[in-house]
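1. Can you look at this prediction? I've put the sequence above it.
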Amino acid sequence: IKKVVTFGVVAVVAILVLLSSIGPADQGKASLAKTSITQTTLYVDIVGGVLRPGVYPVDPGTRLFEVVSAAGGFTKNADQKSVNLARLVTDGEQIIVLTGSGAEAAKAQINAIANPVVLKAGDKFTGTVVKLATFGAFINLVPNKDGLLHISQIRKMFGGKRIENLEDVMKVGEKVEVVIDEIDPKGKYSLVPANLPE
């Protein structure tokens, strides 16, 4: 037992001597290795409403207003409220500065999600034709809500005449006054013309 205790004490002393032999110079090498993998340059891509869109190298801790400045500043039609100029940027991110109608469309979509419109039969809209098909036209009523104006209803708009080609009487982007006739169990909207000729 005396030999085992002596061996154990010697082993503990050897470990302590080994640990104490690592001096500050070796510890500095360890911290240098650690800092060499710390990123010193970030790359940020800025597009949209800036004068010089592109990828910019920036230092860690850079704020968005500094990236906008490096990109030459905002264009005249940039929506400056679409970005948080005070926030820190991160490596590899793409910053999109909205412009003009794109900014308004994005705001409308956000508003539609935050404040959804509940549509019901009898509601009247001035909608926009978004797609034509052989069986009718899809009309956008509010953001993310389209209804079908069936070809039989479109014929009524033109005095009941046969329509060979829907593109001859209606175009994508055209405004049409419609009324929701019914809503099926799946939430699909059937439309009728709002103002039929007498």
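-> Now that the structure is in, tell me what you want to look at. Note that the structure is predicted; figures quoted are calculated from it, not measured.
2. alpha carbons only for contacts and neighbour counts from here, please
-> Fine.
3. what residue ranges in the protein are flagged as low confidence?
-> Along the chain, the parts satisfying pLDDT under 70 run over 1-39, 101-103, 105, 109, 112, 197-198.
4. Show me where it has its strands.
-> All strands of the chain, identified by DSSP state E, fall at 42-48, 54-58, 94-97, 124-133, 136-142, 145-150, 175-183, 189-193.
5. who does the second one touch, helix- and strand-wise?
-> Based on contacts counted as 3 or more C-alpha pairs under 8 Å, 6 or more residues apart in numbering; DSSP states H and E, the elements that strand 54-58 packs against are strand 42-48, helix 64-70.
6. Could you list every helix and strand in contact with the last one?
-> Under the contact definition 3+ C-alpha pairs under 8 Å, 6+ apart, helix 64-70 sits against strand 42-48, strand 54-58.
7. Buried deepest among those, which one?
-> strand 42-48 (a mean of 19; mean count of other C-alpha atoms under 10 Å).
8. Select, out of the helices and strands packed on strand 54-58, the one closest to residue 100.
-> Residue 100 lies closest, by C-alpha to C-alpha, to one member of these: strand 42-48, at 10.4 Å.
9. Pairing partners for that closest one, with directions?
-> strand 54-58 (antiparallel), strand 94-97 (parallel) (DSSP bridges).
10. How about the contacts made by residue 100?
-> Listed by C-alpha atoms under 8 Å, 6 or more residues apart in numbering, the contact set of residue 100 reads 77-79.
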